[in-house]
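Trainee: Fold the following for me, if possible:
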Amino acid sequence: MPMLLAIEQEGRAAPLELRIEFLNQLSGGYDGLGKLDEALAVAEELVALGRRHGHNGAMAKGLLRKAYMAYRHAELLDAHQLTWEAERLANQTDDVELKVRATIAAGDAFTEQGNFPKALERLQSAAALARKHGDPTQIVMSLNALVELYGQMREYDKGFETLAEAVAAAEKARSPGRMSTLKHAEYSLAAATGQYQRGLKALLDSLAIERSIGADSMVAYTLANLSDCYLKLRDYANAAAYAEQSIVAARALNDAGLEATGRLNLGQAYLATGRLVDGKRHIEAGMSAYENLGDQPELQAVLVEYGQALERAGDLPGALRAYHRERKISNELFERRRQRAVLDLQEKYETEKKQRQIELLRSENEVNRLQQRVWWLLVAVFALASVVVGLLYRKVRHTNAQLHEKNKELKQQSVRDPLTGLYNRRHFLDYMRTTPQALVQAGPDQCGALFLLDVDHFKHINDTFGHAAGDAVLTAISNSLGEILRETDMIVRWGGEEFLAFLPSIPRSGLDEVAQRILSGISAVAVAHGEHRLAVNVSIGFAPFPLSCGGVALPWERAVNIVDMALYMAKSHGRNRAYGVLGFADPAQVCMEDIEQNLEGAWRAGKVKMSVVLGNQASAVQAA
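Mentor: Below you'll find the predicted structure:
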């Protein structure tokens, strides 16, 4: 950056091609220093320069820089659109290096979407173009991206084969930096296949290379990966040592995200060795940094790992608090995605509405012309005109019938989840707001019921087998619920890996039986995915509905919240089980606010009557 800034005045006044490349490098330099506002401003300048001169290469480079920064801000949809537009423009130039980089970026975008076939096609095209051009650096770049994709696709043999070709190209290019990058790719493949010693050697080799060339930023990330590797090997002393080194290196680089990763690794090492206070302090500091960076998806994943670590350390209350924080972030992310989907749907609806209005105007004009012709025909021959009018009337009726069916189809789509075909959360909320609770059949022996289900270890399924496997699991569970429950019961895709079942009428004594049927029915499902057959379990929270305290029915929102707390108890007490809230103690001694703050504490104090239903081999019912 000092060298770039020293020639900035000269670079901005250079001939067009040199000016374009200067701005491209300047934006990349600011990006590398974490000065994203400055990097974005230069990228915008580069795009504007390309538009002003009709230069596709300049626009493509600027859009790629903008895409990288959108990715750093976790704005994936914007990053993908920018990347694909950059690829389109790059392919209209003769710049082979730009084409290779843009094609790799497009392939990475498809990988992030989980669209592996398109990603594979793009990255193989980039590798073929690089081989044809003969530049070993471009070959290494494209093959490295292919290695990462094969790792995500779990095609590890192809990954190692491609890695060998990339290493040969890096040796030919005499590029220690690229060789170091490939060592990290080797570590990823080795860790995924359980070859931790091979992965450790690759990282140590990478560290030696990076220190020999003074690549401080690469050293910092390698130290963090070494800490993570030693955690996997359960060598907590080395894990802590390398985590501390990565924190120091990250501070020197002013890289808050990397420092947060180092603190999380250090905290996990401390928790594993029984230093709970120090471990929690470092993990909380790391999560606070992620919050400041606005990286909620990473924070959500960290909270799950934090909760699991606290469970292993025996701190169940702390684990429960971590899971609650994770659930809050999950709901916020779901709401953001829902709002984005609603905006997209509204935009699509407005576009279709305008198109329908245009078509309606055309139809009205056609009707006017037809009416004039009909009047002339009436004068000439009344009988023939009658026949024509009759045909037109039938046509209008047919059009109206088609419009009616289309409206019904649109309404159906607005209340259904596209993956599972179940009702969506919006439909359930609308239903509960417009349906009086009195309509639910409730009495001494009969009641309604709410069951909230969460798929156990769903993140592990996604991380291990891919999001396509996760979608297959969700679809299989929705089908199984349709078989277990009745047609009159409402089954809802509540969000992510959660499902909600609303039973309008059920014997009050049959709540545990329904919970047992759901646990057993879903455990019996084997989900086929590729060569694997996945077995899944769920945790459940349930309660009768309406849920009353002292003869007064709670609002449905509070009932759902209490069921959600019962679900968390099921998760925190071992999963694959159901916790049901059956009723409350003497209303004079019960404070609903206290119960909603700490359901388990209220249960232990005898203020809440609960039922516990175990899944799998236990298959038992406990009540208290």
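Trainee: Can you show me the helices along the stretch 501-624 of the chain?
Mentor: With DSSP state H, counting those that start in this stretch, the ranges of helices along the stretch 501-624 of the chain come out as 511-523, 556-572, 592-597, 599-604.
Trainee: mean confidence score for the last one?
Mentor: It stands for helix 599-604. Confidence over helix 599-604 (mean pLDDT, whole number) is 89.
Trainee: do the same with the first one
Mentor: Taken as a whole, helix 511-523 has a mean pLDDT of 94.
Trainee: Can you pull out the residues in contact with that helix?
Mentor: Residues external to helix 511-523 that are found in contact with it (Cβ atoms under 8 Å, 6 or more residues apart in numbering): 449, 451, 453, 477, 480-481, 483-485, 501, 503, 506, 535-538, 540, 542, 544, 576-578, 580, 582, 611, 613-616, 619, 621, 623. (C-beta placed from N, C-alpha, C; glycine too.)
Trainee: Helix 556-572 and that one, what's the angle between them?
Mentor: Comparing the axes of helix 511-523 and helix 556-572 via axes from the mean of the first three to the mean of the last three Cα atoms, to 10 degrees yields an angle of 60 degrees.
Trainee: May I have helix 511-523 as PDB, with CA atoms only?
Mentor: The C-alpha trace of helix 511-523 is given here as PDB (Å, rounded to 0.1, in the frame of the first residue of the first chain):
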ATOM      1  CA  LEU A 511     -50.900 -36.300  24.500                       C
ATOM      2  CA  ASP A 512     -48.000 -38.600  25.600                       C
ATOM      3  CA  GLU A 513     -49.100 -41.300  23.100                       C
ATOM      4  CA  VAL A 514     -49.000 -38.800  20.200                       C
ATOM      5  CA  ALA A 515     -45.500 -37.600  21.300                       C
ATOM      6  CA  GLN A 516     -44.400 -41.300  21.500                       C
ATOM      7  CA  ARG A 517     -45.800 -42.000  18.000                       C
ATOM      8  CA  ILE A 518     -43.900 -39.000  16.600                       C
ATOM      9  CA  LEU A 519     -40.600 -40.000  18.200                       C
ATOM     10  CA  SER A 520     -40.900 -43.600  17.200                       C
ATOM     11  CA  GLY A 521     -42.200 -42.900  13.700                       C
ATOM     12  CA  ILE A 522     -39.500 -40.400  12.800                       C
ATOM     13  CA  SER A 523     -36.700 -42.600  14.300                       C
END
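Trainee: mind listing what's buried in that helix?
Mentor: Neighbour-count burial for helix 511-523, with 16 or more other Cβ atoms under 10 Å as criterion, is recorded at 511-512, 514-516, 518-519, 521-523.
Trainee: do the longest one as well
Mentor: Of the residues in helix 556-572, those with enough neighbours to count as buried (16+ other Cβ under 10 Å) are 556, 559-560, 562-572.
Trainee: And stretch 214-222, by the same measure?
Mentor: Within stretch 214-222, the residues scored as buried using 16+ other Cβ under 10 Å are 215, 217-222.
Trainee: how close does Leu207 sit to Val147?
Mentor: With distances defined as Cβ to Cβ, to the nearest Å, the gap from Leu207 to Val147 amounts to 20 Å.
Trainee: if we can go back for a sec, relative to Ala74, which of the buried residues of helix 511-523 is nearest.
Mentor: Minimum separation from Ala74 among the buried residues of helix 511-523 (Cβ to Cβ) is found for Ile522, which lies at 32.6 Å.
Trainee: For that closest one, give its distance to Gly580.
Mentor: For Ile522, the distance to Gly580 - Cβ to Cβ - is 17 Å.
Trainee: in what helix or strand does Leu4 lie?
Mentor: Using DSSP states H and E, Leu4 maps to helix 2-6.
Trainee: Could I get the CA-only coordinates of that helix as CSV?
Mentor: Extracted as CSV, the C-alpha positions of helix 2-6 are listed here (Å, rounded to 0.1, in the frame of the first residue of the first chain):
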residue,chain,number,x,y,z
PRO,A,2,2.8,2.6,0.7
MET,A,3,4.1,1.9,-2.8
LEU,A,4,0.7,2.2,-4.4
LEU,A,5,-0.1,5.4,-2.6
ALA,A,6,3.3,6.8,-3.6
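Trainee: which is the next helix or strand following that helix?
Mentor: helix 8-12.
Trainee: and that following helix, what other elements does it pack with?
Mentor: Applying 3 or more Cβ pairs under 8 Å, 6 or more residues apart in numbering; DSSP states H and E, one finds that helix 8-12 makes contact with helix 16-32.
Trainee: Which elements pack onto the helix it packs on?
Mentor: Other helices and strands packing on helix 16-32, by 3+ Cβ pairs under 8 Å, 6+ apart, are helix 2-6, helix 8-12, helix 36-53, helix 56-72.
Trainee: rerun at 6 Å
Mentor: Here helix 16-32 is seen to pack against helix 36-53, helix 56-72 when contacts are counted using 3 or more Cβ pairs under 6 Å, 6 or more residues apart in numbering; DSSP states H and E.
Trainee: Need those helices in JSON lines (columns: mean neighbour count and distance to Met287).
Mentor: JSON lines is the format used below for the helices and strands packed on helix 16-32 (neighbours: other Cβ atoms under 10 Å; distance: least, Cβ to Cβ, whole Å):
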{"stretch": "helix 36-53", "mean neighbour count": "17", "distance to Met287": "22"}
{"stretch": "helix 56-72", "mean neighbour count": "24", "distance to Met287": "19"}
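Trainee: Arg198: neighbour count?
Mentor: Counted by other Cβ atoms under 10 Å, the residues lying close to Arg198 total 15.
Trainee: Ramachandran coordinates for Phe451?
Mentor: Geometry field for Phe451 lists phi and psi as phi -120, psi 120, criterion degrees, to the nearest 10.
Trainee: per-residue pLDDT, it?
Mentor: What the model reports as pLDDT for Phe451 is 97.
Trainee: What distance do you get for it to Val613?
Mentor: Applying Cβ to Cβ, the value for Phe451 to Val613 is 11 Å.
Trainee: Next: Arg356.
Mentor: Counting by Cβ to Cβ, the gap between Arg356 and Val613 amounts to 52 Å.
Trainee: same check, this time on Ala41
Mentor: Following Cβ to Cβ, the distance that separates Ala41 from Val613 is 59 Å.
Trainee: try Leu143
Mentor: When Cβ to Cβ is the yardstick, Leu143 and Val613 sit 52 Å from each other.
Trainee: hey, C-alpha coordinates of stretch 238-247 in PDB?
Mentor: What follows is the C-alpha trace of stretch 238-247 in PDB, where atoms were taken according to Å, rounded to 0.1, in the frame of the first residue of the first chain:
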ATOM      1  CA  ASN A 238      -0.500 -27.000  21.700                       C
ATOM      2  CA  ALA A 239      -4.000 -25.900  20.800                       C
ATOM      3  CA  ALA A 240      -3.800 -23.200  23.400                       C
ATOM      4  CA  ALA A 241      -0.200 -22.200  22.500                       C
ATOM      5  CA  TYR A 242      -1.000 -21.700  18.800                       C
ATOM      6  CA  ALA A 243      -4.300 -20.000  19.600                       C
ATOM      7  CA  GLU A 244      -2.400 -17.400  21.800                       C
ATOM      8  CA  GLN A 245       0.100 -16.900  18.900                       C
ATOM      9  CA  SER A 246      -2.700 -16.400  16.400                       C
ATOM     10  CA  ILE A 247      -4.300 -13.800  18.700                       C
END
